[in-house]
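Asks: How does the following fold in three dimensions:
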Amino acid sequence: MDDSQHKQRVKAIALLSGGLDSTLAIKLMLSQGVDVVAVNFTSPFCTCSPRRPGSCHLASAIARELKVPIRVLSKGMDYLRIVERPRFGHGRGLNPCLDCRIFMLKKAAAIMEEEKALFIVTGEVLGQRPMSQHRAALDLIERESGLMGRILRPLSAQWLPPTIPEQEGWVAREKLLAIRGRSRSCQLKMAKEQGVELFGCAAGGCLLTDPVVARRLKDVFRFSPDYDLRDAKLATFGRHFRIQAGLKVIMGRNEEENKRLEQIGAEWPRIELAEIPGPLMLLRGTMRETDKPTLGRLIRHYARKTTSATATVRLVCGTRCETWPVSDIATEQEIDRWKISGDLETAEP
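Replies: From the prediction side, this is the model:
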């Protein structure tokens, strides 16, 4: 048995989003004999590795194909507080890209210690993202995460200073890549050559960059100091209306969204029409008696048209059930005044 067989195998923690870059970064490590434990972070805003009913979590499926173990972690309320007030600011939407990277890497550092791993691998590409992947940002992220020298970015390593894994000979620097910029042509070529077919969007995706989601979350942060993760999930689908400072309405656009609203806000008050097919409206906040006619006219605006002059509105909250008649329908001007933002077409179901 030669000396190389006696050497202790090197282990690394790799951030796996479900996108192409992180998948290729792991493959580069595996090709050098590094043991990899993948870590995937989920949030209501990630569109790269979605969970869909009846299908597998994408990052988990990729980890199985790569034959690496994976830990799937929810970002949770501590992350949502960062979205509200990031130390290093927002991007063009409500995306706290620098704070987000630091948050994930700190979590990954704790796992690195648990797993007795030696460094962390990411799929970041120099110059790919304007806020978080230029050289100064990469250096800031490394300092703030407390991982100086222990973050290896295999796709752009040749453009960056040698890291501890390279200096110690745990990985061969000459086998790492020199990709930079926003084009994905190199990565897509590599994927084709290596038979990598399972990956999400090549660039990843975050709904926090969407202006619709950003406006909805700003409304949550302004009017709902008791917000929680359900508010974050709700921001990614449906129609949203601010009736008054203390009351917001989230309305389903179809049967599937109605079901999601019932699941997410099971104990919150909801409004529906008693006799006419139509949307379900989830109430977030406190409904005043004077809000009832407004809510009735709003739901009738989006309900199936009927020849009946009056409809019955039903409020359900736990065991409580209350009904009242409504004869008017909200005008387009009123809808525009109440609507927090337009419909979101890109959110995952």
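
Asks: mind listing the helices for the stretch 1-150 of the chain?
Replies: Here the stretch 1-150 of the chain has its helices, by DSSP state H, counting those that start in this stretch, at 3-6, 20-31, 58-66, 76-84, 97-115, 135-145.

Asks: Packing partners of the second one?
Replies: Packed against helix 20-31, as judged by 3 or more Cβ pairs under 8 Å, 6 or more residues apart in numbering; DSSP states H and E, are the following elements: strand 11-15, strand 35-42, helix 58-66, strand 119-121, helix 185-194. (C-beta placed from N, C-alpha, C; glycine too.)

Asks: So which of those is nearest residue 214?
Replies: With distances scored as Cβ to Cβ, the stretch of the helices and strands packed on helix 20-31 nearest to residue 214 is strand 35-42 (19.8 Å).

Asks: Partner strands of the closest one, with direction?
Replies: Each strand pairing with strand 35-42, determined using DSSP bridges, is listed with its direction: strand 11-15 (parallel), strand 70-74 (parallel).

Asks: Can you list the buried residues in that strand?
Replies: Within strand 35-42, the residues that qualify as buried are 36, 37, 38, 39, 40, 41, 42, counting by 16 or more other Cβ atoms under 10 Å.

Asks: and the strands paired with strand 35-42 as a markdown table, adding mean neighbour count, mean pLDDT and distance to residue 284?
Replies: Rendered in a markdown table, the data for the strands paired with strand 35-42 read as follows (neighbours: other Cβ atoms under 10 Å; pLDDT from 0 to 100; distance: least, Cβ to Cβ, whole Å):
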| stretch | mean neighbour count | mean pLDDT | distance to residue 284 |
| --- | --- | --- | --- |
| strand 11-15 | 25 | 98 | 33 |
| strand 70-74 | 15 | 96 | 21 |
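
Asks: if we can go back for a sec, let me have the buried residues of strand 35-42 in CSV, adding distance to residue 132 and pLDDT as columns.
Replies: As requested, the buried residues of strand 35-42 are arranged in CSV below (distance: Cβ to Cβ, whole Å; pLDDT from 0 to 100):
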residue, distance to residue 132, pLDDT
36, 23, 98
37, 23, 98
38, 20, 98
39, 18, 97
40, 18, 95
41, 15, 94
42, 19, 92
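
Asks: Closest one of these to residue 99?
Replies: Looking across the buried residues of strand 35-42 and measuring by Cβ to Cβ, the closest to residue 99 is residue 41, at 13.2 Å.

Asks: Roughly how far does that closest one sit from residue 118?
Replies: As for residue 41, its distance to residue 118 is 21 Å (criterion: Cβ to Cβ, to the nearest Å).

Asks: just residue 157 next, same as before
Replies: Where residue 118 is concerned, residue 157 sits at a distance of 16 Å (Cβ to Cβ).

Asks: burial measure for the nearest residue to residue 327 once chain neighbours are set aside, as a count.
Replies: Take residue 327 and drop its neighbours on the chain: the residue closest to it by Cβ to Cβ, 6 or more residues apart in numbering is residue 310, 4.8 Å away. Using other Cβ atoms under 10 Å, residue 310 has 12 other residues around it.

Asks: This structure - how does it break down into domains?
Replies: Following automatic domain parsing, one gets these domains for the chain: 3-206, 210-338.

Asks: lowest-confidence stretch among those domains?
Replies: When mean pLDDT is averaged over each of those, domain 3-206 scores lowest at a mean of 90.

Asks: pretty sure residue 271 contacts residue 281?
Replies: Yes - Residue 271 is within contact range of residue 281, at 4.4 Å (criterion: Cβ atoms under 8 Å).

Asks: shared neighbours, these two?
Replies: With Cβ atoms under 8 Å, 6 or more residues apart in numbering applied, the overlap between the contact sets of residue 271 and residue 281 consists of 249, 295, 299.

Asks: So the last one lies in a helix, does it not?
Replies: Yes - under DSSP: H, G, I helix; E, B strand; the rest coil, residue 299 falls within a helix.

Asks: Residue 11 versus that one, what's the distance?
Replies: From residue 299 to residue 11 the distance is 56 Å (Cβ to Cβ).

Asks: Repeat that for residue 87.
Replies: 31 Å.

Asks: What segments of the stretch 151-300 of the chain are helices?
Replies: All helices of the stretch 151-300 of the chain, identified by DSSP H, counting those that start in this stretch, fall at 164-167, 185-194, 211-223, 229-234, 255-264, 292-302.
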